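**Student:** need a 3D model of the following:
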Amino acid sequence: MFKIDVEKQLGNILIKCSFEMDYPGITAICGFSGAGKTSIINMIAGLITPDKGIISYNGREFYNSAKKINLPANKRFTGYVFQESRLFPNMKVKKNLLYGEKRKSDASLNCSLDDVCTLLGISHLLDRYPQNLSGGEKQRVAIGRALLSHPEILLMDEPLASLDETRRSELISYINIIQKHYKLPILYVSHSVDEILQLADMALYMEHGISKYFGSAVDVLNKAAVKMSSHASYNTIFEGEIEKYDEESSTALIKFGGGYVESSCEKVEKGRKIRFSVNIHDVVLSTKKPEGISIRNIYKGKVKEIVQQPNNFYDILIDIGDEIWARISKGAYNELAVTENSILFVMIKSAAISDTLKLVH
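**Tutor:** You can find the predicted model right below:
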């Protein structure tokens, strides 16, 4: 069980964060720049001291202002991966990896150099200096160094921010591999929805220094999107499972809370967990079930909420088994005579989904 309930004044921003997690998965800490994300993991690591509060893991208190407990960073047994690799340039990869190996607690991760190098695919890099590594290789070595410091918790501060799309995809796979292999709790700071959708089980959303939402990654991202939207466009995110794949048409049938959705995609195995999103502008509403149209994804639902936007549009929340947002004009709103509890048919084009599919590793 990890628990944090802290306050810290940093300049003109007050950081107030409170959440608990009790599983060894990946928890994303997300929000806009300046929201306090990095400050939170720096307090956990012991790099920043809170003004007051509690930080504890499995009953061991890292910080408790009332009891005047404040363990130094090297006694907290956290592994830290920064945005930049921060490798020592005068040391070869092997020496970098083993820099913190002597630090260990009774509950620390037990891993070996050979095991970590094999998992991260860096065995062939051991005799190189950091300046001779690519960006992706540097970050893999940085992750390896954090693991070989035998942490109880792994902290990652936007570790993919400086990488291109190809390297980012590779590192996402490696992060998932190490979490599943070591069952290590990971706190992962990111502002990238794509990264969170592919990595995180749970998420904490920070806003202006305050922890606003904590829960499943999909639920938190949906709440944050609606709150931040105003009159801007946003997506509703869903989680489902591949029911079957038709190779002839390159189409997947995905089972989710609203039933089934069809979408074009590359070949994927049955049973894979997948997340997808639908933009509010790609949802079409009707008071009658449509016939003779090309749209394959049609659902019947009940209106749960109506939000009038400042530009004479209306955002409609419909429960189709999962909840989905649609945006319609004032004219359409009047013609459909939408009210709360109205029954509407929801239509989504397959093409609007295909580019948003994210397999959960």
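
**Student:** pull the CA atoms of stretch 335-342 into PDB?
**Tutor:** The C-alpha atoms that make up stretch 335-342 are tabulated as PDB, following Å, rounded to 0.1, in the frame of the first residue of the first chain:
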ATOM      1  CA  GLU A 335     -35.100  19.700 -33.900                       C
ATOM      2  CA  LEU A 336     -34.300  16.500 -31.900                       C
ATOM      3  CA  ALA A 337     -36.000  18.000 -28.900                       C
ATOM      4  CA  VAL A 338     -33.300  16.600 -26.700                       C
ATOM      5  CA  THR A 339     -34.000  16.500 -22.900                       C
ATOM      6  CA  GLU A 340     -32.500  14.500 -20.100                       C
ATOM      7  CA  ASN A 341     -33.700  10.800 -20.300                       C
ATOM      8  CA  SER A 342     -34.500  11.200 -24.100                       C
END
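
**Student:** pull out the buried residues from that stretch.
**Tutor:** Under the neighbour-count criterion of 16 or more other Cβ atoms under 10 Å, stretch 335-342 has 336, 338, 342 buried. The way it works is simple: take the backbone N, C-alpha and C, and place the C-beta from them, glycine included.

**Student:** what does stretch 250-259 give?
**Tutor:** With burial defined by 16+ other Cβ under 10 Å, the residues of stretch 250-259 counted as buried are 251-252, 254, 256, 258.

**Student:** residue ranges in this protein under the pLDDT threshold?
**Tutor:** Along the chain, segments meeting pLDDT under 70 span 104-108, 228-231.

**Student:** part of a strand, is Y80?
**Tutor:** Yes - remark: Y80 belongs to a strand, assigned using DSSP: H, G, I helix; E, B strand; the rest coil.

**Student:** distance of the nearest residue to it once chain neighbours are set aside from T38?
**Tutor:** The shortest distance from Y80 to any residue that is not its chain neighbour, by Cβ to Cβ, 6 or more residues apart in numbering, is 4.8 Å, and that residue is L155. Relative to T38, L155 is positioned 10 Å away (Cβ to Cβ, to the nearest Å).

**Student:** comparing these two, which residue is more hemmed in?
**Tutor:** Each of L155 and T38 had its neighbours counted (other Cβ atoms under 10 Å), and the higher figure belongs to L155 (26 against 19).

**Student:** beta partners of that one?
**Tutor:** Y80, L187 (DSSP bridges).

**Student:** residue contacts, it?
**Tutor:** Remark: with contacts taken as Cβ atoms under 8 Å, 6 or more residues apart in numbering, L155 is in contact with 41, 44-45, 78-81, 186-187.

**Student:** need the residues you listed in TSV with neighbour count, can you?
**Tutor:** Formatted as TSV, the contacts of L155 follow (neighbours: other Cβ atoms under 10 Å):
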residue	neighbour count
I41	21
I44	26
A45	19
T78	23
G79	25
Y80	24
V81	25
I186	24
L187	24
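
**Student:** so what are the domain limits for the protein?
**Tutor:** 2-228, 232-359 (automatic domain parsing).

**Student:** count of neighbours near I242?
**Tutor:** I242 has 19 neighbours, counted by other Cβ under 10 Å.

**Student:** quick one, what contacts the nearest residue to it once chain neighbours are set aside?
**Tutor:** Using Cβ to Cβ, 6+ apart and skipping the chain neighbours, the partner closest in space to I242 is R272 (4.6 Å). Taking Cβ under 8 Å, 6+ apart as the definition of contact, the neighbours of R272 are 241-242, 359-360.

**Student:** between those residues, which is nearest H124?
**Tutor:** L359 (27.7 Å; Cβ to Cβ).
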